[in-house]
Every structure is written in structure tokens, then in C-alpha cells.
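Asker: sequence and computational prediction follow.
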Amino acid sequence: MLIIGRCFLGVGIGFGNQAVPLYLSEMAPAKIRGTINLLFQLTTCLGVFIANFINNATEKHTWGWRLSLGLAAVPATLMFIGGLFLPETPNSLVEQGRLEEGRSVLEKVRGTKNIEAEFQDLLEASNNSILFYAPVIFQSLGFGSSASLWSSTITSVIPIVATFISMAFVDKFGRRAFFLEAGIEMIICMVAVAVTLALKFGQGVELPKGIGIFLVIMICIFVLAYGRSWGPLGWLVPSELFPLETRSAGQSIVVCVNMLFTALVAQCFLVSLCYLRYGVFLLFAALIGVMTCFIYFLLPETKQVPIEEIHLLWRKHWLWKSYCEPEDQLNDGLL
């Protein structure tokens, strides 16, 4: 129960860390937006202080841990009840197509009816925003709106299946096998999509049903391949490779790099699609080829190798062994 509760708490905190500052920024008057937004940090710090105070004050009592855990429901309840009475932000209302309500809330938030210029900015931002990349990609490929949503829904299920596949077989067939096999699949899928779009892309009409089904299948295969290789193993393998004394720092770098390039791809993909058209999929195929070659030549297999013996793999590798200390020096250092 404690573990499940902690998981729910983490989900709530994750949503809160994203939603609360965003809500405050959108609803606060521009002149005091910084001050209002910093209330989030203030209340967070106060919450940490109060929690520590309660823990210290009740540590000698057998019921203390119950009070510490139970009192967490107080701010959660206040936030829930308060959330029921909070209005939607003008931006959210505009995104939902409730324009008049959005205009009304914006007037109340700004305290003036002279909000036309700002309201037009909201409309423009709403028209240009991308909420879900998958439907936009499918629409860009020539699918209708309804077909795009269904196609993205189908592809969103694939990673779940792929993760179970990876969990079931990665310790049997090994990390390299998953990387290499999936890499080849991903390259083939990207080339197939590119070639297909080179013949049909940019005609301003929906794709024929047969071609549309083919593209969905190719993208599903791509997502399935990624979901059982680079998706989960991109976290697993680095956690195995780093030595204990630098594992935390190394994994932190992995997370930072992953998030950085995720954001970079998210920001650049649609622009690249506009300029490169079908060529963007050839670019992805080339990058996947580089990634696959890296795995083939430079990544040792860590399957069923005790984590404290991973360093021996580097000593046997044709390239990385030149960067390792000789075994006798290592033993001298340990002694």
C-alpha cells in the first residue's frame, strides 16, 4: 500500500509541477506574474519545512508515522477542492474552441475589456500549436482528421506491447541483438515511408486507402522496433555500463541528453518535415544507420554479466581496452 501510494503521490506531484506554474503564469496579471508564480516555490518550501517539523515532533511516538503520512492528505484535499472552483485559463478555453468563454475569463483576469490584441494572440497561438504530434504527422502524410486520430491511437498502443516483448526476451537474446535487429527494421521502415511519400507527397489530397494502410503498418513496425530496443534499452544499458563510483553522475548525464534531444526533435521535426518533405525520413534512416553501426562496433554485450564485472568487457574490447588501466595497476590501486 505504501509503494502504490507513493506511485500515486509521484504522479500527482509530476502533474502539479507541470500544471501549477503554467496555470499561475497564464492567470496572473503580467505586472505581478513573477511574484505570483514564485508562490508555487514558496508553498513548496513551506510544505517541506512543515513535513520535517512534524516528522521531528512525532518521531518518538508510535503513531507519529501515521500522522506524517495522513497529514499529506490535507494539502491534497485543499488543492482538489480549490481546483473544483478554479476557472479554466483563457488559453485552455481557446484551445477547446470555447472562444467567448475564453474572452470573458481574459477580461476578468486582466481587469479590463481592452484585451482584443492579447485575445488575437491567443487565437493565433492556438491555430499554430501542436498538441499531439502523431495526428499531425498522419495528417501531413495525407490522412483525414478522423483517420489521423485513429492511426495515432493505434500506434500509441504499440510501445506497450513492445515493452513487454523487450522485458520477456532481452535477457535471453541480449541487448545487442535487440539493438541491431530493431535498427535494421527501423531503417527499412523509414526508407519505405520516404519512397512512398516521394511518389504521393504534396498533392493536397488524402492518400488512397491502400497506401494509407501501408504507411500505418510501416510506422507501427517502426514504433514496435523502437519500443523494444532504443526506447527501453536506452535506459537499461547505460545503467549497466557505468562503474559504481560514477554511476549516478553518468545516469544523470544520460537523462539530460535524452531529454535535450527529445525536446530538440520535438521542436525541429515539423519544420524539417515542411522543408525536407519525404527527405526527413531518409535523414532519420541515415541517423539510425549511424546508431546501429555504433552498437555493432562499439557496444559490448552486457547480457547476464554481473554488474561488478562489466569493467572486464571494456578490457576485452578491441577499442575501449586502450582506454582502460592495465589490470596490474588496477589491482595495485585496490590494494
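Answerer: Now that the structure is in, tell me what you want to look at. None of these values were measured; they are calculated from a predicted model.
Asker: leaving out chain neighbours, which residue sits closest to Ala28?
Answerer: Ile36 (3.8 Å; Cβ to Cβ, 6 or more residues apart in numbering). C-beta here means a position set from N, CA and C on the backbone, and glycine is covered the same way.
Asker: now do the SS call for that neighbour.
Answerer: Following DSSP: H, G, I helix; E, B strand; the rest coil, the label given to Ile36 is helix.
Asker: cool, and Glu88?
Answerer: coil.
Asker: test my guess that it contacts Val105.
Answerer: Yes. Glu88 is in contact with Val105 according to Cβ atoms under 8 Å; the separation is 6.9 Å.
Asker: more neighbours: the two, which one.
Answerer: Val105 (21 against 17; other Cβ atoms under 10 Å).
Asker: okay, the residue nearest to Ala28 and Tyr23: tell me how far apart.
Answerer: 10 Å (Cβ to Cβ, to the nearest Å).
Asker: then Phe49?
Answerer: 24 Å.
Asker: between these two, who's got more neighbours?
Answerer: Tyr23 (19 against 10).
Asker: for the helix or strand containing that one, give the mean pLDDT please.
Answerer: Following DSSP states H and E, the helix or strand that holds Tyr23 is helix 2-27. Helix 2-27 comes out with an average pLDDT of 71.
Asker: circling back: correct me if wrong: the residue nearest to Ala28 contacts Leu42.
Answerer: No. Assessed by Cβ under 8 Å, Ile36 is found out of contact with Leu42, at 10.5 Å.
Asker: pick out whichever of the two has more residues nearby.
Answerer: Taking neighbours as other Cβ under 10 Å, Ile36 and Leu42 compare with Ile36 leading, 15 against 10.
Asker: tell me the confidence at that one?
Answerer: Looking at Ile36, the pLDDT reads 71.
Asker: do Leu282 as well
Answerer: At Leu282, pLDDT is 94.
Asker: skip the chain neighbours and tell me the closest residue to it.
Answerer: Going by Cβ to Cβ, 6+ apart, Leu282 has Ala194 as its nearest residue, at 4.8 Å.
Asker: from Leu71, how far out is the one you found?
Answerer: 57 Å.
Asker: the nearest residue to Pro300 once chain neighbours are set aside: which element?
Answerer: Leaving aside its chain neighbours, Pro300 sits nearest to Leu313 (4.0 Å; criterion: Cβ to Cβ, 6+ apart). Using DSSP H and E, Leu313 sits within helix 310-316.
Asker: excluding its own residues, what touches that helix? List them.
Answerer: The contact list for helix 310-316, computed with Cβ atoms under 8 Å, 6 or more residues apart in numbering, reads Glu240, Leu241, Pro243, Pro300, Glu301, Thr302, Val305, Trp320, Lys321, Tyr323, Cys324, Glu327.
Asker: residues near the first one, how many?
Answerer: By the other Cβ under 10 Å criterion, the neighbourhood of Glu240 contains 15 residues.
Asker: please parse the protein into its domains.
Answerer: 2-128, 133-304 (automatic domain parsing).
Asker: just name the most buried of the ones you listed.
Answerer: Highest mean neighbour count of the domains of the chain: domain 133-304, a mean of 16 (counted as mean count of other Cβ atoms under 10 Å).
Asker: can you give me the strands for the protein?
Answerer: For the chain, no strands turn up when DSSP state E is the criterion.
Asker: quick one, helices of the stretch 201-335 of the chain?
Answerer: For the stretch 201-335 of the chain, applying DSSP state H, counting those that start in this stretch gives helices covering 209-227, 230-241, 247-276, 279-298, 310-316, 327-334.
Asker: where among those is average confidence lowest?
Answerer: helix 327-334 (a mean of 52).
Asker: helices of the stretch 1-150 of the chain, start to end?
Answerer: Counting by DSSP H, counting those that start in this stretch, the helices of the stretch 1-150 of the chain are 2-27, 33-58, 64-70, 73-85, 90-95, 99-110, 116-128, 133-140, 145-173.
Asker: mean pLDDT for those helices: which is lowest?
Answerer: Among these, helix 133-140 scores lowest, at a mean of 57.
Asker: and the gap between Glu101 and Met259?
Answerer: 35 Å.
Asker: and what of Val11?
Answerer: Distance from Val11 to Met259, by Cβ to Cβ: 19 Å.
Asker: check Met291 too.
Answerer: Counting by Cβ to Cβ - Met291 and Met259 are separated by 18 Å.
Asker: and what of Val305?
Answerer: Taken as Cβ to Cβ, the span from Val305 to Met259 is 28 Å.
Asker: my read is that Phe40 contacts Leu24, right?
Answerer: Yes. Here Phe40 reaches Leu24: they are 6.2 Å apart, a contact under Cβ under 8 Å.
Asker: what distance separates the start and the end of stretch 220-235?
Answerer: 22 Å (Cα to Cα, to the nearest Å).
Asker: still on that earlier bit, please report how far the residue nearest to Leu282 lies from Phe222.
Answerer: In terms of Cβ to Cβ, Ala194 sits 12 Å off from Phe222.
Asker: need the helices of the stretch 201-335 of the chain in CSV with distance to Val157, can you?
Answerer: Shown next, in CSV, are the helices of the stretch 201-335 of the chain (distance: least, Cβ to Cβ, whole Å):
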stretch, distance to Val157
helix 209-227, 9
helix 230-241, 14
helix 247-276, 21
helix 279-298, 22
helix 310-316, 35
helix 327-334, 48
